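A.B. asks: Mind looking at a prediction? Sequence and model below.
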Amino acid sequence: MQKQHTYNTIHIVIAIAVTMFFSCKDNFKDIQNIGGSEHQPLGVAENINLKYTDSGKVEAVLISPKMYDYSNRAFGYNEFTDGVNLELFEDNIKKGTVISDYAIVYNKTNIIDLRGHVKVITDVNDTLFAEQLYYDNAKEWLFTNKPVTFRTGQDLIHGNGFDSNAEFTNAEVLEITGLLTVEE
């Protein structure tokens, strides 16, 4: 009788364990969305003043009034609806400034889309003005096919498109529509 009772107990424990094993599922995404909709941001940050450092040296300072975090979507992104002001540094010396009215950072592709009165100023005061500009963070490459104005040295170049590395050492205005040289 004792042996029969042990077998019944083992069968019951095995049945419960198998049931629990097959009933488990990965519901992390469901848990993330509790209390929210997939159409709502996962988080909202206000009055951002973010300092990025490497080895104790400030590399960048990002200032923005508001950021929405949509990383809970299949193609996650962060949206800066009220614009950004980004200061870039190298060895604690200011190397450039990026300003735009709106920005969106796509997490999977590492592409940054800047829109509305985009202005990029380099350490030698070369300045790019555009309505939209993309930055590929992995390739460190800036590009657009929208109208631009690029001020470099004494030249003011208007065109429809722009390509450059992040340092502007090979900046190129595409489809030039106007060139003005200002002599000092």
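C.D. replies: Looks like it came in fine. Numbers count the residues shown, from 1 in each chain.

A.B. asks: ok, the nearest residue to Asn49 once chain neighbours are set aside - how many residues close by?
C.D. replies: Excluding the flanking residues, the one nearest Asn49 by C-beta to C-beta, 6 or more residues apart in numbering is Ile63, at 5.4 Å. Yep, even glycine has a C-beta here, placed from its N, CA and C like the rest. Residues within reach of Ile63, counting by other C-beta atoms under 10 Å, total 15.

A.B. asks: which residues does Ile63 contact?
C.D. replies: Ile48, Asn49, Leu50, Val84, Asn85, Leu86, Glu87 (C-beta atoms under 8 Å, 6 or more residues apart in numbering).

A.B. asks: how about 7 Å then?
C.D. replies: The neighbourhood of Ile63, defined by C-beta atoms under 7 Å, 6 or more residues apart in numbering, consists of Ile48, Asn49, Asn85.

A.B. asks: quick one: secondary structure of the residue lying closest to Tyr68 once chain neighbours are set aside?
C.D. replies: Distance criterion C-beta to C-beta, 6+ apart; nearest residue to Tyr68, sequence neighbours excluded, is Pro41 at 4.1 Å. Following DSSP: H, G, I helix; E, B strand; the rest coil, Pro41 is assigned to coil.

A.B. asks: How about Asn170?
C.D. replies: coil.

A.B. asks: Against Arg73, how distant is the residue nearest to Asn49?
C.D. replies: 25 Å (C-beta to C-beta, to the nearest Å).

A.B. asks: The residue nearest to Tyr68 reaches Asp69, doesn't it?
C.D. replies: Yes: between Pro41 and Asp69 there is a contact under C-beta atoms under 7 Å: 5.4 Å.
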